[in-house]
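K.L.:
Sequence isn't available, so here's the structure alone:
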């Protein structure tokens, strides 16, 4: 695996970035601290109900609960794609996946032109000092994760591409200088280093000697927890905080509503012809038994407690630095995760378990009367970028598809849309189908398409017989896959018919247990929701070809490099 590390910044490209930035210092330091600072916190695999303020009766998240009590908690927030890379790309670009065109199976990387329109880059051009800490899972530019573009794009960079694991030093050299071993605490060291402005942390990449005191900042803090891959690597080592070894282990953990062990599945949630659960990635096999599911849940709640503690320390540090009264904090997750509900594991579907996430916006500069509220407005992850820019007084790019939420925050409006649209284009040998959904506060409609992907189990069988590493069969994307993915994007817009549909009444059936598609009492509602779907998918697709570049095993081989899954 090639890693785009410090060597990149010794290259001519890195030097150019540095020279341009240093020449701009005189201009940037003229900005007065009238604009607010921002801290954006993104967790991984965190379903809505993983905090006290969102209804979890077990986990103790006092700092996040306080943040919600002092800000605005959106109770009906959803992502656009329930899988890491497209969801994070959507947050950055304020575009649906159908518009930005980036996923694990797309064979593409975000073009530099598109990267320049992401919220951190727009804010940087408008005078913000920018930092990125933790995880990145969106490839950018020629060579994707190894292009060095993201590292060069921030004033402060302390992050790794792809999974961090629970012990990030074992995966990413940049974290070697951290005193801590565990992920949340390593990320925390970066946060405190950025805010303290003391330059004590070895490894962090800085392009300015110190953060100018009179320049507003935009800090993005991105976790790889409570993600299943991160919690699977927890080992309860002697160096781990006691919290990560014993917390919640004296409690009998409940199983989620409608949990089904693998052995008890009689009728699968979705027809096997479109969803082949036997091909599911082995990393989600923990949902197969109650004992393993409960163990993973304990670890997830421990991780959430760690994240909550970091949020508390973050706010304390802001106060100590006299930054608390002018720093807006936004907290959300990239998607949720199935924990055995209906026997399902993983994500990448359009059910509430995976699309419904927490969203808190805390603005200390707003009127006190507008804080401490809950909003049931239908909002999405693509709304974050335009909202940040609006709060910073920056014009929103015309390429953005999300909505500005500031009028909801100020209570001038109660909603910004009547329907939400979500989609899954990660249809692969791992059995998951393509699907899309539209919903309002009461109704949800999901449609699925024919699944003709070759089985992962069959690929593994052949790989073993031929002596080929199974990961090469399962995870490497080739040029031909780009055409397949583009067909996935355009097919429904060109008349491809759904092979299965679902209709749920979310008021009476919030767990989505009863499919009403074949109930003639709801025929009119079904027709209505199909019409809504047609309109929303057209909006999601937008105009023109996505601003992407080729990023496949073939493209990297031509450049003389290998490519490994992140």
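P.N.:
It's in. As the structure is a prediction and not an experimental result, all values here were calculated from the model.

K.L.:
Other residues contacting stretch 454-461?
P.N.:
Contacts with stretch 454-461, where a contact means C-beta atoms under 8 Å, 6 or more residues apart in numbering, come from 276, 278-279, 281, 428-431, 470, 473-474. The way it works is simple: take the backbone N, C-alpha and C, and place the C-beta from them, glycine included.

K.L.:
Among the residues you listed, find the lowest-pLDDT one for me.
P.N.:
Lowest pLDDT among the contacts of stretch 454-461: residue 473, with 89.

K.L.:
mind checking which helix or strand that residue is in?
P.N.:
Counting by DSSP states H and E, the element that carries residue 473 is helix 470-475.

K.L.:
List the buried residues of the helix or strand just after that helix.
P.N.:
Downstream of helix 470-475, the first helix or strand assigned by DSSP H and E is helix 479-490. Buried residues in helix 479-490, defined by neighbour count with 16 or more other C-beta atoms under 10 Å: 481-482, 484-486, 488-489.

K.L.:
farthest-separated two in those residues?
P.N.:
Comparing all pairs in the buried residues of helix 479-490 by C-beta to C-beta, the longest separation belongs to 481 and 489, at 12.7 Å.

K.L.:
Quick check: neighbours shared by the two?
P.N.:
By C-beta under 8 Å, 6+ apart, no residue touches both residue 481 and residue 489.

K.L.:
which residues of the stretch 251-400 of the chain fall in strands?
P.N.:
Here the stretch 251-400 of the chain has its strands, by DSSP state E, counting those that start in this stretch, at 327-333, 338-339, 345-346, 356-362, 373-375, 379-380.

K.L.:
With mean pLDDT as added columns, please give those in a markdown table.
P.N.:
Output for the strands of the stretch 251-400 of the chain, formatted as a markdown table (pLDDT from 0 to 100):
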| stretch | mean pLDDT |
| --- | --- |
| strand 327-333 | 98 |
| strand 338-339 | 98 |
| strand 345-346 | 96 |
| strand 356-362 | 98 |
| strand 373-375 | 96 |
| strand 379-380 | 98 |
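
K.L.:
Those: which one's closest to residue 464?
P.N.:
Smallest distance to residue 464 across those (C-beta to C-beta): 23.1 Å, for strand 345-346.

K.L.:
Excluding its own residues, what touches that closest one? List them.
P.N.:
So strand 345-346 is in contact with 277, 280-281, 284-288, 337-339, 430, 432, going by C-beta under 8 Å, 6+ apart.

K.L.:
can you do 10 Å?
P.N.:
45, 82-83, 228, 262, 277, 280-288, 293, 337-339, 354, 430-432 (C-beta atoms under 10 Å, 6 or more residues apart in numbering).

K.L.:
Drop anything exposed from those.
P.N.:
Buried members of the contacts of strand 345-346, scored by 16+ other C-beta under 10 Å, are 45, 82-83, 228, 277, 280, 284, 286-288, 293, 337-339, 354, 430-432.

K.L.:
Pull out the buried residues from the contacts of stretch 454-461.
P.N.:
The buried subset of the contacts of stretch 454-461 - by 16+ other C-beta under 10 Å - is 276, 279, 428-431, 473-474.

K.L.:
Against residue 329, how distant is residue 541?
P.N.:
As for residue 541, its distance to residue 329 is 33 Å (criterion: C-beta to C-beta, to the nearest Å).

K.L.:
Looking at these two, which one has more neighbours?
P.N.:
residue 329 (24 against 18; other C-beta atoms under 10 Å).

K.L.:
Setting aside sequence neighbours, what's the nearest residue to the more buried one?
P.N.:
Spatially, and ignoring its direct neighbours in sequence, residue 329 is nearest to residue 362 (4.5 Å; C-beta to C-beta, 6 or more residues apart in numbering).

K.L.:
Tell me which of the strands of the stretch 251-400 of the chain lies nearest to residue 300.
P.N.:
strand 338-339 (8.5 Å).
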